[in-house]
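Enquirer: Quick one: sequence plus predicted model below, questions after.
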Amino acid sequence: MPQNSGMAKQEVAIEDLRLGMYVVELDRPWLGTPFPFQGFPLTSPEQIEHIRSCCKSVYVDPEREEWKPAPRTGYATAGTTAYAEVHTVEKEMPLAREIFQKCEAALSELQKSLQGQGAIQPEALKIAVASMTASIQRNPDAMLLLLSLLHRKGGYQLMRAMDTSILMITFGRFLRLPTGRLEVLGLAGMLLDIGMSRLPGRYSTRDAAPNDRPDESVQAHVMLSVELLREARSLPHGVEDIVAQHHERQDGTGYPSGLTADAISMDGAIAAVVDAFVELTSARPGREPASPSNALGHLHRLRGTHYHPALVEQFIQCIGIYPVGSAVELNSGEAGIVVAQNLVRRLQPRVMVVFDADGTLTRPLKMLDLVREPKTADGEPYRIRRALAKDKLPFDAAQFFV
């Protein structure tokens, strides 16, 4: 029996486990399992997979849960617009790629016009973001897969703006926000750091990025961005406020205005969460990107102090334990790419198998929907054994989709 058998405990099925739960008892004796301690918090997807390999359910202690659902403060963090998946990821992919490239081109042209004329010309970008929003509404996984797979050469600031915009629209869709608001979030994501071009020295280059604790000269990029947006005049209402607030923090330690809690709009709080996630997971000279799971863990530790607690919880649900584009190893020894999420069973996404257990490229490629419990050659249901680093799959995955 577990050491704290007198506690109030709840039985949880394996497929309903989530990070942060505190496991106090298994549905089998501890002896013979890979767990050295009788009682532990779930801190990684690998732990959940180890439990799944030997148990059908476990008991958790709700009072010791580290990632408890946060109270919703100030404003509701979910809308009422329901979105259906109109296209499969395969059908949406060619459309998404064309839209993706048009958005990159429109943003690049906007940056060039800013350098030449000193003002933002946002009309082409507005049209491109509207198209990108429509694609994400049809199927968000296609655009997320492109983010993960395409090797782009547009410079740090261009790539970061694209990543932020796509994730803000995707998160807004997850929160069931209406179309017009998704387009505002997407435009704001593109333009969050547009004022960086007005900073002196190395910060004015597109490969520069703010430090974790930027000095006053770097902090000035927020209001420089706001001034550029005001001069543009033709942007929809709300974009300026989001850009102004994306570095504000719940405890008042952010900038430029030191706003706290409910003084930060919901859309501004969304931008703060997504911008921080993109910053952590982006590669740039001199720093390795954090894995999505580590980045989500960082956000979670700072929920309530830096980031809106309910929105952090929702963002973790939106991104998932195995994000779209993740390289994974299956219990069969095969390896592949996560191509679509399952919103009900996050540990059972759709996976495209790329390598067999011997490391040979699979021909033809096969698609597995793990929620349907397809069987391995040994008759066991397929499951994800662990996440892999992208360099563990020595091929360009984009060739199979785009």
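Expert: Yes, it's here. Residues are numbered from 1 along each chain as shown.

Enquirer: what helices or strands is the strand ranked longest in the chain leaning on?
Expert: Ranked by residue count under DSSP state E, the longest strand found in the chain is strand 361-369. For strand 361-369, the elements it packs on are strand 350-355, judged by 3 or more CB pairs under 8 Å, 6 or more residues apart in numbering; DSSP states H and E. Backbone N, C-alpha and C define where each C-beta goes, glycine included.

Enquirer: Starting from the strand it packs on, tell me which strands it pairs with and how they run.
Expert: With DSSP bridges as the test, strand 350-355 is paired with strand 335-340 (antiparallel), strand 361-369 (antiparallel).

Enquirer: And the longest one, what's buried?
Expert: Judged by neighbour count using 16 or more other CB atoms under 10 Å, the buried positions of strand 361-369 are residue 368.

Enquirer: what's the model's confidence in that strand, averaged?
Expert: Here strand 361-369 scores 86 as its mean pLDDT.

Enquirer: what about the residue nearest in space to the middle of the chain, distance to residue 294?
Expert: Closest residue to the average C-alpha location of the chain: residue 319 at 4.3 Å, with CA atoms, centre = their mean. The gap separating residue 319 from residue 294 is 12 Å, by CB to CB, to the nearest Å.

Enquirer: Same check on residue 147?
Expert: 18 Å.

Enquirer: Settle it for me: which of these two has more neighbours?
Expert: When neighbours are counted by other CB atoms under 10 Å, residue 147 and residue 294 differ, and residue 147 comes out ahead with 20 against 13.

Enquirer: How far off centre is the helix or strand encompassing the more buried one?
Expert: Using DSSP states H and E, the element containing residue 147 is helix 140-149. Distance, stretch centre to chain centre, for helix 140-149: 11 Å (CA atoms, centre = their mean, to the nearest Å).

Enquirer: For it, name the packing helices and strands.
Expert: So helix 140-149, by 3+ CB pairs under 8 Å, 6+ apart, packs with helix 89-117, helix 123-138, helix 156-174, strand 335-340.

Enquirer: Could you check the ones you listed and tell me which one is nearest residue 273?
Expert: helix 156-174 (7.8 Å; CB to CB).

Enquirer: Could you list the buried residues of the helix or strand following the closest one?
Expert: For helix 156-174, the following helix or strand on the C-terminal side (DSSP H and E) is helix 179-191. The neighbour-count check on helix 179-191 (16+ other CB under 10 Å) flags 181, 182, 183, 184, 185, 186, 187, 188, 189, 190, 191 as buried.

Enquirer: helix or strand right after the longest strand of the chain?
Expert: strand 384-388.

Enquirer: What number of residues are in the vicinity of residue 301?
Expert: 14.

Enquirer: typo on my end, it should be residue 134
Expert: 16.

Enquirer: Which pLDDT value goes with it?
Expert: For residue 134, the predicted pLDDT is 97.

Enquirer: repeat for the one 5 residues further on
Expert: On the pLDDT scale, residue 139 is placed at 94.

Enquirer: Could you check how far it is from residue 97?
Expert: 13 Å.

Enquirer: go on, residue 121?
Expert: From residue 121 to residue 97 the distance is 25 Å (CB to CB).

Enquirer: what's the residue nearest to the centre of the chain in contact with, if anything?
Expert: 277, 292, 296 (CB atoms under 8 Å, 6 or more residues apart in numbering).

Enquirer: what's the closest non-adjacent residue to the last one?
Expert: Pointing back at residue 296 there. residue 316 (5.2 Å; CB to CB, 6 or more residues apart in numbering).
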